[in-house]
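Asker: Coordinates only, no sequence provided:
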């Protein structure tokens, strides 16, 4: 959050800085819009991080915002003032106010940053209203949801961009570049995950976000209001996209490759209850809540091209943050936990080598080009690249680089993983959302415009 | 190997150094032998590493050796001279010569360091001849083999010590110490594996061990003669013990805990064929050999106490060596890949901390006591501790700290993993070799004598 706040501060000092905007080529011609009108559904912490990126651009007009939380609306309005931008239309009358926003004709696109259970319903409603959809990441509630997204996209022809920001992380894009330049040889095994101590997100004291506490649900603030309930009710990889999204692009999932099946195994659940006991004591009303979510959930995926992927979900225990990336091929291996690489014929001896020089040499051209613009944007700059690809996709009304099929595949891991765990590790087949088109589809990541 | 050679040189300069021997307490009384007579079945590279440790001790008389390879016999005999020890009886007349060795009355124990397919047959024959058995590690050929070991032990009352040396690795024993002192809280998830580029072991040029080549089987030397064939015929975790052995002790498997089930997933197989092409060219007779073994095999185990274990087998690709240990509990996490630890309330911030100070503070008492004796012994000293526990177990004729049930559980991972892979990741139940006794058995590792 510090990055985001710094960015807002910095850009508000600079004012509306048109010199910050890169000049874009005209792309594919006739359909190209010079400026797009965007509505934001959900302007909580994540929605406002996106808002700040959009307010900073001259090719975007944020014309509407929607939220049921008056504080979030107020905070957003304040940002429009800071950026000297025209105040948006506000939709805040109940949970279905977003449908009024979707009916407006002065909107090209919407970005959905709401609690998980609303993502798909809102995206489907938006596609039916012909709004280009940007949807925040989450795991699906069930398999049908994923098919619904795909089917409505195919019926309406409206595009959906799954906003998986880690695909744009600088080291990840450099590694993607290395893979495409064949540095690792043929890929064999990849690892990734979401290893993030979220106890301070899942609970707070009901007064300050991220303050230690034992509250969740109605009495809590921000994500703890709704996110924690998923840990009570569900056992599976609840948040697969930050790990799997980048790996899927590296492995060309849905464009020459496909996921075949997965198995998932969950450990016991201890971390969340211990945290409640520590912060609320044994007489706290939440002290006897039973959490279904295993503290560590390990999923192994086999692809149609016979690579393996290990995916981990680990959000209830004290630990340093890591997405645990590893990329291994016939010619070498990279891992992020120790920023190290080993390439046969290049690395001397049999020890790990720092990946620093490789990261420079293979820095992705997009990062080289836009580094200064991304500087200070959320999550180390990657959010800038994500939002830039989104805006460009909308301007050109083209298939996004992370599309509805990618979205369905990323999200379906959650219910498949829940099913596997319920059945003591039984393998679960991935649906083929592309209905065979994966064999001929081309990888579109990142946008080349 | 360098360590071992240095050790032999050093000790041969010192002569038979009785001052190198620690003084032991008399243990459990009447049965205690002051000196034991040991026979070695298999004196290849691994067998001779063990031989050098035994020749260096005054409480061991190596009275017999057995091998079908005359070079190995010669090299062993030479070592007896170097140590000024009485030449052993030699058994070298064919594959069943070991049975003549077993019939001798002047033997208390045997150590089996032969190719994998002989381990169980030899161990069973040895138990029937009432010889205390030390058996080198490998994966089982099938599930029945594991039951056979257990059943013959129970019929004969003869003990079997599974010689898993990594259980004695200094950092692993320190971490075991940390676990037992509750530093990590309740254990949740562990990782381990055998990530070792064995291409130089699986192939050579038929003239020099470890020289680059494309030969295996009859035309090759040393392990490539027999070990590589397992990669042709089998797809599974072929060598689970170095990772799983230590983890099993940390989790009290067979003594309060038990493995419940596993799933295994194998990647495609590319590394070995590429190595043959590189070193032998596409016209080499081995260029078209099909290897069943996937380059990376990932196994996930669930225990009865609901911890999860991830185990990896990765021996066909260029990569730095690692056993990939990770130990995670409700209070913190340690991993060996970056020698780092995070303990809630101790580690400041949300970043990894070097484990260096922890390794000192929690150094296992055995390592503190015998460090100088282990110095220079195989694999960083751990082989000394392994052999010391073996010798003391035999002297006292007691259950070994790594016994036949541990052996069966470690080894059965291989056929279970093969079955899971054959069935696209279907979970496989672990047999309960203790027939329920795991609930009351006590952990005996390491020997407390």
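Answerer: On my side now, so go ahead. The structure displayed is predicted, hence computed values, not measured ones. Numbering: from 1, shown residues only, chains lettered A, B, ... in the order given.
Asker: Which residue is the nearest non-sequential neighbour of the residue nearest the centre of chain A?
Answerer: Among the residues of chain A, residue A:164 comes closest to the average C-alpha position under C-alpha atoms, centre = their mean, at 3.0 Å. Setting aside the residues directly before and after it, residue A:164 is nearest to residue A:245 in space (C-beta to C-beta, 6 or more residues apart in numbering or on different chains), at 3.6 Å. In short, each C-beta sits where N, CA and C put it, glycine included.
Asker: From the chain's centroid, how far away is the host helix or strand of that neighbour?
Answerer: Assigned by DSSP states H and E, residue A:245 belongs to helix A:241-250. Distance of helix A:241-250 from its chain centroid, counting by C-alpha atoms, centre = their mean, to the nearest Å, is 10 Å.
Asker: How about stretch A:399-411?
Answerer: Using C-alpha atoms, centre = their mean, the offset of stretch A:399-411 from its chain centre is 11 Å.
Asker: same deal with stretch A:253-269?
Answerer: Computed by C-alpha atoms, centre = their mean, the chain-centroid distance of stretch A:253-269 equals 17 Å.
Asker: List the buried residues for it?
Answerer: A:253-255, A:257-269 (16 or more other C-beta atoms under 10 Å in any protein chain shown).
Asker: average pLDDT for that stretch?
Answerer: Here stretch A:253-269 scores 98 as its mean pLDDT.
Asker: Kindly report the same for stretch A:388-399.
Answerer: Computed over stretch A:388-399, the average pLDDT equals 97.
Asker: Run the chain-centre distance for that stretch.
Answerer: 17 Å.
Asker: Give the other helices and strands that the helix holding residue A:245 contacts.
Answerer: Helix A:241-250 makes packing contacts with helix A:170-180, strand A:187-195, strand A:308-314, helix A:404-422 when contacts are defined by 3 or more C-beta pairs under 8 Å, 6 or more residues apart in numbering or on different chains; DSSP states H and E.
Asker: I'd like these laid out as TSV, including mean neighbour count and mean pLDDT.
Answerer: Converted to TSV, those look like this (neighbours: other C-beta atoms under 10 Å in any protein chain shown; pLDDT from 0 to 100):
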stretch	mean neighbour count	mean pLDDT
helix A:170-180	21	98
strand A:187-195	25	98
strand A:308-314	25	98
helix A:404-422	26	98
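Asker: who wins for proximity to residue B:402 among those?
Answerer: Within the helices and strands packed on helix A:241-250, the stretch nearest residue B:402 is strand A:308-314; the backing value is 28.3 Å (C-beta to C-beta).
Asker: need the next SSE after that closest one, C-terminal direction.
Answerer: By DSSP H and E, the next helix or strand past strand A:308-314 is strand A:326-329.
Asker: Direction included, what does that following strand pair up with?
Answerer: If you go by DSSP bridges, strand A:326-329 pairs up with strand A:187-195 (antiparallel), strand A:332-335 (antiparallel).
Asker: Quick check: residue A:79 is in a helix.
Answerer: Yes - per DSSP: H, G, I helix; E, B strand; the rest coil, residue A:79 lies within a helix segment.
Asker: Quick check: residue A:332 touching residue A:343?
Answerer: Yes - Residue A:332 lies in contact with residue A:343 (C-beta atoms under 8 Å); the separation is 3.8 Å.
Asker: so how far is the helix or strand where residue A:278 lies from its chain's centroid?
Answerer: With elements taken from DSSP H and E, the one containing residue A:278 is helix A:271-280. Mean-position distance between helix A:271-280 and its chain equals 28 Å (C-alpha atoms, centre = their mean).
Asker: quick one: buried residues of that helix?
Answerer: Neighbour-count burial for helix A:271-280 [16+ other C-beta under 10 Å]: A:271, A:272, A:273, A:274, A:275, A:276, A:279, A:280.
Asker: list the contacts for the residue nearest to residue A:249 when sequence neighbours are not counted?
Answerer: Nearest non-adjacent residue to residue A:249, counting by C-beta to C-beta, 6+ apart: residue A:445, 4.6 Å away. By C-beta atoms under 8 Å, 6 or more residues apart in numbering or on different chains, residue A:445 lies in contact with A:167, A:176, A:249, A:401, A:402.
Asker: Nearest to residue B:386 among these?
Answerer: Proximity of those to residue B:386 (C-beta to C-beta) peaks at residue A:176, which lies at 44.5 Å.
Asker: re earlier: from the buried residues of stretch A:253-269, which two are the most distant?
Answerer: A:255 and A:268 (38.6 Å).
Asker: From what I see, residue A:259 and residue A:305 are in contact.
Answerer: No - the pair residue A:259 and residue A:305 fails to qualify as a contact (C-beta under 8 Å) at a distance of 10.1 Å.
Asker: For the stretch 51-200 of chain A, what lies in contact range of chain B?
Answerer: A:185, A:186, A:188, A:189, A:197 (C-beta under 8 Å from any C-beta of the partner chain).
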